[in-house]
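Novice: pasted the sequence and its predicted model underneath.
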Amino acid sequence: MIRFECDYLEGAHPLILKRMEETNFEQTAGYGEDAFCASAKEKIRKLCGGIDVEVHFLVGGTQTNFTVISAALRPHQGVLAAVTGHINVHETGAVEAVGHKVLALPSEDGKIRASQVRMAYEAHWNDKDHEHMVQPGMVYISHPTENGTLYGKEELQALHEVCQELSLPLFLDGARMGYGLMSEAGTLTLKDIAKFTDVFYIGGTKVGALFGEAVVIANPLLRKDFRYFIKQNGGMLAKGRLLGIQFDTLFTDGLYFEIAKQADALAMRLKDAFVKKGYRLRYDSYTNQQFPILPNDHMEKLKEKYSFAFWEEVDASHSAVRFCTSWATKEAAVDELIRDIEAL
């Protein structure tokens, strides 16, 4: 079976494993207070343009999302997100489990717009019974989105401006950030994201690390007691060095960006093959996630040899599915899949 169902099927980049082995018997302080974490944090700060940001390492994406959100919100507040957003559909109610409602906004492409945020905010405060309702207290987006689409610089800046005006922290989920930053259609840089969000995270789990996410907090108001929240939510790894080593390696000599670009290039080859075959695309993604609409009999045929994710039923005879490439996807596997697509 050749697997394309997600982008965290393999272990870690060999350079990370090599660095871990080389440093295995070094003694360091725990809980992220080691030299490896300090070095990784400094590299991330430089990539953010040298602005004043605070960096923390957590072990996984879901945990990062609910920790950041619970740290930013008061008990009566919820977080605005696309109805298709990861926290709304693929985290088993983790945000709700820590006491905060996800306030879902309509979205066809996975993105939300500044105008939607303003409308939702004003609808709440213009309702005479607003104190009986969950108050919008934060905005969540992801880049890329759950549907592989990308925010442009102007879109992110517009969201930032309305969030600033309405005093709503803007949180960007970057679990797949590398694939967004290196997309041929991307216009955002890490400096832009640091400038136009209050808090975001750089995903390691899906972009070359064994595990781990790097939370970057630009807004000083969100930094207070954040390590307490990490600890309380089970995200403070005693052997924090393991996170520091991974991110320090990923951000040495551009490795993070190199491996993400490679995955995107392979995904674009798949996209071209789907389009050439005559398949429609559920979303026009220029990232490592591709969403062709397949005749059901073609889908079943491909299942004999490949694993991929079912996305949604389009009609009685067609289904949208997702194929993911990753930092570790082999070109030979993509070549083989393309040949089998052409043969259908």
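Specialist: Everything's here; your move.
Novice: per-residue pLDDT of the residue of the chain most remote from its centre, please?
Specialist: Residue farthest from the centre of the chain, counting by C-alpha atoms, centre = their mean, is residue 128 at 36.7 Å. Residue 128 carries a pLDDT value of 95.
Novice: tell me which helix or strand it sits in.
Specialist: Using DSSP states H and E, residue 128 falls within no helix or strand.
Novice: buried ones in stretch 148-168?
Specialist: By 16 or more other C-beta atoms under 10 Å, the buried positions in stretch 148-168 come out as 148-151, 155-160, 162-163, 168. For every residue, glycine as well, the C-beta is placed using N, CA and C.
Novice: got it, and stretch 20-36?
Specialist: Under 16+ other C-beta under 10 Å, the buried positions of stretch 20-36 are 20, 23, 28, 32, 34, 36.
Novice: what about the second one, distance to residue 17?
Specialist: It stands for residue 23. 11 Å (C-beta to C-beta, to the nearest Å).
Novice: check the protein for its longest helix and report it.
Specialist: With secondary structure taken from DSSP state H, the chain has its longest helix at helix 255-277.
Novice: what helices and strands are in contact with that one?
Specialist: With contacts taken as 3 or more C-beta pairs under 8 Å, 6 or more residues apart in numbering; DSSP states H and E, helix 255-277 sits against helix 177-181, strand 280-281, strand 289-290, strand 318-324, helix 331-343.
Novice: now render those as JSON lines, adding mean neighbour count and mean pLDDT.
Specialist: Listed next are these as JSON lines, based on neighbours: other C-beta atoms under 10 Å; pLDDT from 0 to 100:
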{"stretch": "helix 177-181", "mean neighbour count": "29", "mean pLDDT": "98"}
{"stretch": "strand 280-281", "mean neighbour count": "14", "mean pLDDT": "98"}
{"stretch": "strand 289-290", "mean neighbour count": "27", "mean pLDDT": "98"}
{"stretch": "strand 318-324", "mean neighbour count": "21", "mean pLDDT": "98"}
{"stretch": "helix 331-343", "mean neighbour count": "14", "mean pLDDT": "97"}
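Novice: ok, which stretches of this structure are strands?
Specialist: Secondary structure of the chain (DSSP state E): strands located at 2-3, 54-58, 77-82, 102-105, 135-142, 170-173, 199-203, 213-217, 280-281, 289-290, 292-295, 306-307, 309-315, 318-324.
Novice: so what pairs up with the closest residue to residue 333 other than its chain neighbours in the strands?
Specialist: Closest residue to residue 333 apart from its sequence neighbours, by C-beta to C-beta, 6 or more residues apart in numbering: residue 2 at 5.2 Å. Residue 2 has these beta-bridge partners by DSSP bridges: residue 306.
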